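**Student:** coords please:
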Amino acid sequence: MKVTAIHVDHGAKTVAVETEDGAKETCHLTARASEEISTDVAKGAEKTAKGTAYITEEAGRKIVHFFERAI
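**Tutor:** Numbering: from 1, shown residues only. Got it, this is the predicted structure:
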């Protein structure tokens, strides 16, 4: 799913994302996704990162398993 990471909360292990259709959601992060998204947001001058996220729904929660920044 193509998303824009708007805010990362490492303490809560969540990320706020905006989808291509403008919907905003808060998803939980796996350890791998947390590391990837932190690196990608830090690389950009802005505080957001556009990219592709692999998101599943488990026990009613959306979980980001990995994030790849768009080039």
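
**Student:** Okay, now the unreliable bits of the chain?
**Tutor:** For the chain, the stretches with pLDDT under 70 are 40-47, 71.

**Student:** mind listing the helices in it by residue range?
**Tutor:** Here the chain has its helices, by DSSP state H, at 31-43.

**Student:** Need the residue in it that's farthest from the chain's center.
**Tutor:** In the chain, counting by Cα atoms, centre = their mean, A59 sits farthest out from the average C-alpha position, at 18.8 Å.

**Student:** Check the spacing between that residue and H28 real quick.
**Tutor:** From A59 across to H28, the span is 10 Å (Cβ to Cβ, to the nearest Å). All C-beta spots, glycine's among them, are computed from the backbone N, C-alpha and C.

**Student:** Would you agree S38 is in contact with K13?
**Tutor:** No. With contacts counted by Cβ atoms under 8 Å, S38 stays clear of K13, the gap being 11.2 Å.

**Student:** bridging residues for H7?
**Tutor:** Judged by DSSP bridges, the bridge partners of H7 are A16.

**Student:** need the contact list for M1.
**Tutor:** Each residue near M1 by Cβ atoms under 8 Å, 6 or more residues apart in numbering is listed here: 19, 52-55.

**Student:** farthest pair in the residues you listed?
**Tutor:** T19 and Y54 (13.7 Å; Cβ to Cβ).

**Student:** all strands for this structure, in order.
**Tutor:** Counting by DSSP state E, the chain has strands at residues 2-9, 14-19, 24-29, 49-58, 61-69.

**Student:** Format those strands as CSV; extra columns: mean neighbour count.
**Tutor:** Listed next are the strands of the chain as CSV, based on neighbours: other Cβ atoms under 10 Å:
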stretch, mean neighbour count
strand 2-9, 18
strand 14-19, 20
strand 24-29, 17
strand 49-58, 16
strand 61-69, 17
